[in-house]
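Participant: Quick check, what structure comes out for this input:
(chains A and B)
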Number of protein chains: 2
Amino acid sequence: MLDYAAFSREYKAVIEKEVVEYVRKLQAPSIVKEAMIYSLEAGGKRIRPMLTFAVLASFGRDIERAIPVAAAIEMIHTYSLIHDDLPSMDDDDLRRGKPTNHKVFGEAVAILAGDALLTYSFQLIAEMTHSEVTPEMKLELISEVSKSAGAEGMVGGQIADMEGENKQLTLEQLEYIHEHKTGKLLAASILSGAILAGASAEQRQHLRQFAFHLGLAFQIRDDILDIEGTEEVLGKPVGSDMTNHKSTYPALLTLQGAKEKLAEQVQLAQDALAETKLPTMILLSELTDLIANRNH
Amino acid sequence: MLDYAAFSREYKAVIEKEVVEYVRKLQAPSIVKEAMIYSLEAGGKRIRPMLTFAVLASFGRDIERAIPVAAAIEMIHTYSLIHDDLPSMDDDDLRRGKPTNHKVFGEAVAILAGDALLTYSFQLIAEMTHSEVTPEMKLELISEVSKSAGAEGMVGGQIADMEGENKQLTLEQLEYIHEHKTGKLLAASILSGAILAGASAEQRQHLRQFAFHLGLAFQIRDDILDIEGTEEVLGKPVGSDMTNHKSTYPALLTLQGAKEKLAEQVQLAQDALAETKLPTMILLSELTDLIANRNH
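Facilitator: Sure, this is the predicted structure:
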C-alpha cells in the first residue's frame, strides 16, 4: 500500500467504476445520463480522488468511506470541463483526444449534463452512509466543496481567466487565476480526506498549505508541458497557450524561471506535508513528485 | 398573519433582500456577482420561498430559520432560468420584460453565473446556523433539494421538454415534463418547510401529494395564460407556445378541458392539504387559489 503506482492502479479502477455506477442508477432521460457518463469516462489522471484517498491512507484509515465524496469532486471537475469547452467559453472540439461533450451531444445537452453532474455531487455527499461518517462531517464536506467550486473558488477563477485573455497579466493576477480555477478544488480533495480522517485543526492547516503549493506546482507544470510536451501524449495541440495569447508562467518568468518556480513550489509542498507529522506520508509525497514531473 | 396578501408582502421583501445580500458578501470577481444579482433581482412571484415560509407558518413555527434554504431554492430557480434562456436552449431575449442574462453579460458569464448560483445554494444550506436546525435536517434539505433540481428532477424535465419539441406529446409525456421541470422544485420548497417544521412522515406524505397537484395546477394555468394573458402583464409574448409548437394542456384537452383539469387539480391539492390536519391551513390554501387564478 505504500507504493503509489500500486495504490493508484487499485483505486483509480475503483473510482472509475463507482462514478459511472452512480450515474447509471439515476432515473432520468437516457440522453442526459449518456452525456454525463461520456465525459466521466473520458479518462484523465483522476488526481482529485487519488488525493482524497491518499490522505485517508496517510492517516491509516480505510478508503471506502471517501468514495462518494471523491466521486462528487470528480463529477464537479468533469462538469467544469464540459462547460469550459463550450463554444461561448474556450470553444474546444477535442478533450483528451476525444470530441468534447457538446460536439457529441449538442450544446443544450452538454450544459444540462454539466448542471446535473454539479447538482448530483452534493446529493452524493449528503447521502453518504459509511458508519464512520457523521452528519457534521458531511456538512463540512459540502461546505468545503461548494465554496471551492463556486464563485469564491473555481467559477471565480474561470471568470478571472476569461477577463485576463489577451491581456498582459502580472504574476499576482496569474496566481489568483490558478489558485481559484484549479487550486481550490484540488485543496478540497485534500481537505475532504482530512475531514473524513478526523484530522486536527493544525494538521488541516498544514494540509491547506500543502494543497496550495501543490496546486501551483500542478499549474506551472501544465504551462511547461504546453511548450515541452508532445501532442500525442497530451491529447491536445502543443503551444495552444501561445496561440490563444494566454498568460503563462514561462511567458512571465522564462522557461528556466518557470522550472525554478516549479521546483520551489514542490519543495514548499513537501515541507508543509512534513509538518503534518502523519504516520505515513510516502503516498502524498510520491504523488507530489508525480504531479511535478508528469508528461500529460 | 393569516392573510396571505399581508404575509407575502412582508416575506417577499425579506427574501428579496436576503438573497441579494448572500451574493454581495461573496469574495469573487465583481462581474459574476453582478450577473448573479441581475437575475435574482429580475422580480417574479417568489412562489418557492413563499411556499416554504407558508408551510412553517402553518405549523406555527418561526420563518427565520428557513431563510437560507428559501434563498437557496430561489437561486436554483434563477440559475435554471438563466440557463434555459441561453441561445442553445430556448434562445430568449427577454425575461419578465428585461433583457435576459446572456443578452446583458454575454453567454460565458451567464453560464458561469448560473453555475455559481447552483453551487452556492448548497453551501447556504450546509451553513445554516439557526439553533432549531439540526445537522440531520440540513442533510435532508440538501438531499431533497439536489434530487429535485438534478437529473431526476428539474434537469431531467428540461431534457424531456427539449426532446418533445415539435412532437405531438401524449398527456402522460406532458405530465412527466411538467412534474419534473417545475413540479419537483416546487415540491422541494414545500418539503423544505416540512423538514424544518419537524412534520411527521404522514404529514410529509400529504404535503407531497399537495405539492404534486399544486405543481400541475401551476403549469396548466401557465399554458392557459399563454392563450388568455396579455403581453403587458406576462412580460413575454402571448401565444409563444403555439409559435414554438409546444405541446400544452389546452392543445391536448381544448381550452375548456384545460380549465376543467385545472379546477380538478386545485381541488385535489386542497383535499391533500386538509389531510395534513395542520393547525392553520389558510395561507397554503389561499396560495393555492392564487396560483390557480394568477394573471402572470
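Participant: how many neighbours does A:P87 have?
Facilitator: 17 (other Cβ atoms under 10 Å in any protein chain shown). To be clear about C-beta, it is placed using only N, CA and C from the backbone, and glycine gets the same treatment.
Participant: Kindly list the main-chain dihedrals of it?
Facilitator: Main-chain dihedrals, A:P87, degrees, to the nearest 10: phi -50, psi -40.
Participant: what's near enough to touch it?
Facilitator: A:102, A:107 (Cβ atoms under 8 Å, 6 or more residues apart in numbering or on different chains).
Participant: Close to chain B: what parts of the stretch 151-296 of chain A are there?
Facilitator: Within the stretch 151-296 of chain A, the positions near chain B by Cβ under 8 Å from any Cβ of the partner chain are A:151-152, A:155-156, A:158-160, A:162-163.
Participant: filter these to the buried ones?
Facilitator: With neighbours counted by 16 or more other Cβ atoms under 10 Å in any protein chain shown, those contain buried members at A:151-152, A:155-156, A:158-160, A:162.
Participant: re earlier: okay, and which of the residues of the stretch 151-296 of chain A next to chain B map to helices?
Facilitator: When DSSP state H defines the helices, the subset of those inside them is A:155-156, A:158-160, A:162-163.
Participant: which residues does A:V69 contact?
Facilitator: Taking Cβ under 8 Å, 6+ apart, we find A:V69 in contact with A:52, A:124-125, A:128, A:141, A:145, A:192, A:196.
Participant: Among those residues, which one lies nearest to B:G43?
Facilitator: A:V145 (31.7 Å; Cβ to Cβ).
Participant: So that closest one lies in a helix, does it not?
Facilitator: Yes - judged by DSSP: H, G, I helix; E, B strand; the rest coil, A:V145 forms part of a helix.
Participant: residues contacting the closest residue in space to it that isn't next to it in sequence?
Facilitator: Nearest in space to A:V145, with sequence neighbours left out and distances taken as Cβ to Cβ, 6 or more residues apart in numbering or on different chains, is A:A188 at 5.0 Å. Counting by Cβ under 8 Å, 6+ apart, A:A188 touches A:73, A:144-145, A:147-149, A:153.
Participant: Would you mind listing the two of these that lie farthest apart?
Facilitator: A:I73 and A:K147 (12.8 Å).
Participant: The two: who's more crowded?
Facilitator: Higher neighbour count among A:I73 and A:K147: A:I73, with 30 against 21, using other Cβ under 10 Å.
Participant: if you average pLDDT over stretch A:250-270, what comes out?
Facilitator: What stretch A:250-270 shows for mean pLDDT is 96.
Participant: And stretch A:6-17, by the same measure?
Facilitator: On average, the pLDDT along stretch A:6-17 is 95.
Participant: Go through it and flag the buried ones.
Facilitator: Quick answer for stretch A:6-17 (16+ other Cβ under 10 Å): A:7-8, A:11-12, A:14-16.
Participant: which ones among those residues are found in helices?
Facilitator: Among the buried residues of stretch A:6-17, the residues falling in helices (DSSP H) are A:7-8, A:11-12, A:14-16.
Participant: Need these in CSV (columns: distance to chain B).
Facilitator: Shown next, in CSV, are those (distance: Cβ to the nearest Cβ, whole Å):
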residue, distance to chain B
A:F7, 30
A:S8, 28
A:Y11, 26
A:K12, 25
A:V14, 23
A:I15, 20
A:E16, 20
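Participant: Of these, which pair is most distant in space?
Facilitator: A:F7 and A:E16 (14.7 Å).
Participant: Among the contacts of A:V69, the buried ones, what's the PyMOL command?
Facilitator: Paste this into PyMOL to select the buried members of these, with burial taken from 16+ other Cβ under 10 Å:
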select buried, chain A and resi 52+124+125+128+141+145+192+196
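Participant: Check the contacts of A:V69 against B:Y120 and report the nearest one.
Facilitator: B:Y120 lies nearest to A:V145 out of the contacts of A:V69, by Cβ to Cβ, at 12.1 Å.
Participant: show me what contacts the closest one?
Facilitator: Shown in contact with A:V145 (Cβ under 8 Å, 6+ apart): A:69, A:72-73, A:76, A:121-122, A:125, A:188, A:192.
Participant: Touching, A:V109 and A:V32? I think so.
Facilitator: Yes - in this structure, A:V109 is within contact of A:V32 by Cβ atoms under 8 Å, at 6.6 Å.
Participant: what do the two both touch?
Facilitator: With contacts defined as Cβ under 8 Å, 6+ apart, the residues shared by A:V109 and A:V32 are B:I159.
Participant: I'd say A:A149 and A:V155 touch.
Facilitator: Yes - using Cβ under 8 Å, A:A149 is in contact with A:V155, at 7.0 Å.
Participant: Identify each buried residue in stretch A:109-129, please.
Facilitator: A:109-126, A:128.
Participant: Compute the distance from the centre of that stretch to the centre of its chain.
Facilitator: Centroid separation between stretch A:109-129 and its chain, computed with Cα atoms, centre = their mean, to the nearest Å, is 16 Å.
Participant: Which residue comes closest to A:Y176 once chain neighbours are left out?
Facilitator: A:Y176's closest residue in space is A:A160 (Cβ to Cβ, 6+ apart), at 5.9 Å.
Participant: check contacts around that neighbour.
Facilitator: By Cβ under 8 Å, 6+ apart, the neighbours of A:A160 are A:173, A:176-177, A:180-181, B:29.
Participant: Got the confidence number for A:R294?
Facilitator: On the pLDDT scale, A:R294 gets 85.
Participant: Would you mind measuring from it to chain B?
Facilitator: 28 Å (Cβ to the nearest Cβ, to the nearest Å).
Participant: Hmm, that residue is touching A:K45, no?
Facilitator: Yes - look at A:R294 against A:K45 with Cβ under 8 Å: they come within range, at 7.4 Å.
Participant: what about the strands in the stretch 1-150 of chain A?
Facilitator: For the stretch 1-150 of chain A, the strands defined by DSSP state E, counting those that start in this stretch cover A:94-95, A:98-99.
Participant: any idea which of those is most buried?
Facilitator: strand A:94-95 (a mean of 17; mean count of other Cβ atoms under 10 Å in any protein chain shown).
Participant: quick one: strands adjacent to that strand?
Facilitator: Applying DSSP bridges, strand A:94-95 is found paired with strand A:98-99 (antiparallel).
Participant: The partner strand - what's its average pLDDT?
Facilitator: 96.
Participant: For it, which outside residues touch it?
Facilitator: In contact with strand A:98-99 (Cβ under 8 Å, 6+ apart) are residues A:42, A:93.
Participant: Stretch A:17-36 too?
Facilitator: Here stretch A:17-36 has contacts from A:37, A:40-41, A:67-68, A:71, A:74-75, A:101, A:104-105, A:109-110, A:112-113, A:116-117, A:120, A:124, B:150-152, B:155-156, B:159-160, B:163, using Cβ under 8 Å, 6+ apart.
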